[in-house]
Every structure is written in C-alpha cells, then in structure tokens.
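Visitor: Predicted model, plus sequence, below.
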Amino acid sequence: MDKPVVVNRRVFFRGVAVGVPLCSVVLASTGALAQTAATDATKAPAGASPAPAPKLLPDNDATAKALGYSPDATTAKRVKRGAVEAKDQFCSSCQMYTKAGTIGTEEVGKCLMLPSGAVKAKGWCNSWVKHV
Ligand code: SF4
C-alpha cells in the first residue's frame, strides 16, 4: 500500500528536476525574462550608459495647440479645478504625466495626451487632471 506513494514521490521530484530548468528555458526564449530585465532598466548599474535624453514636444504640435499647452504654466490661463487652485496646476501634478528625465536642468515627462514628445514638468494644458 505504501509502495505507490514512494513511486509517486519519485516521479514528482523527477518532474521538478526536469520541469524547473525547462520552464526557465521556455521563459527566456519567449522574452518574458528579458522583459522583466527591461523593466528594471531604470535601475541601471553603475557604468551603464544612461537612457537617451527625451526630446521636447515640437512647437508646432497640433494637439498641443488644441489643448492650449504651454511649457510655462504661469503664462497659461489656469482656473481652479475642484479643490486645486490654478497656481498649483502643473504637468508634474497631472494624472497624464510620467517623469521621463531632464533636459538641461528642467524636468520633463511623457504625457498621455501628447505622445509626440516630452512636456515640461512646469507646463500645463486644458486637459490637466489632478494626479491621484
Ligand atoms: S494633459 Fe497634463 S501632463 Fe499633459 S500637457 Fe496637459 S497638463 Fe501637462
């Protein structure tokens, strides 16, 4: 009665011994592990080349004009939105913004509304939504 259990245990461990390395090979070949490594690229090891500098949104971007984007929020006609005063609205506090780096000394980021280039952290447009 106990014999089949021993055989099943052997089969189980033999399967683990073969299956774990096999899964690693399959994941590596499908790029799943490479994708994980790419996600951690923001934590580049010392000596690694830095990510390329982001490029600013072109001045003639039609969507930016339609949204009233200004690279300097203080010059834009902002109005209070909900509990957020106009003076506190910047791209950097917008739900659509993700920091991408710096150009010179200025922080810039990606905007979901303006995919053609980076927006300035101190910019603003009519689509500003409070970052939650
Ligand atoms: S949607 Fe937000 S991040 Fe994008 S330009 Fe407008 S204020 Fe800036």
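Guide: Yes, it's here.

Visitor: what about the chain, any weak spots by pLDDT?
Guide: Along the chain, segments meeting pLDDT under 70 span 1-45.

Visitor: Contact residues of it facing the ligand?
Guide: Proximity of the chain to the ligand, by CB under 6 Å from any ligand atom, involves residues 69, 91, 94, 96-97, 111, 113-114, 119, 123-125, 127-128. Any C-beta I mention is one placed from the backbone N, CA and C, and that applies to glycine too.

Visitor: Looking at those residues, which one is closest to residue 76?
Guide: Relative to residue 76, the closest of the residues of the chain next to the ligand is residue 124; by CB to CB it sits at 4.8 Å.

Visitor: Isn't the closest one up against residue 70?
Guide: Yes: counting by CB atoms under 8 Å, residue 124 touches residue 70, with 5.8 Å between them.

Visitor: anything in contact with each of these two?
Guide: By CB atoms under 8 Å, 6 or more residues apart in numbering, residue 124 and residue 70 have these common neighbours: residue 76.

Visitor: what about those two, which has more around it?
Guide: residue 124 (27 against 20; other CB atoms under 10 Å).

Visitor: Backbone dihedrals for that one, please?
Guide: phi -170, psi 150 (degrees, to the nearest 10).

Visitor: And residue 64, by the same measure?
Guide: Dihedral angles (degrees, to the nearest 10) for residue 64: phi -60, psi -40.

Visitor: Against the ligand, how distant is the closest residue to residue 78 other than its chain neighbours?
Guide: Nearest non-adjacent residue to residue 78, counting by CB to CB, 6 or more residues apart in numbering: residue 86, 3.7 Å away. From residue 86 over to the ligand the distance is 12 Å, taken as CB to the nearest ligand atom, to the nearest Å.

Visitor: my guess is residue 86 meets residue 79, correct?
Guide: Yes: look at residue 86 against residue 79 with CB under 8 Å: they come within range, at 5.5 Å.

Visitor: who's more crowded, those two?
Guide: More crowded of residue 86 and residue 79, by other CB under 10 Å: residue 86, with 15 against 10.
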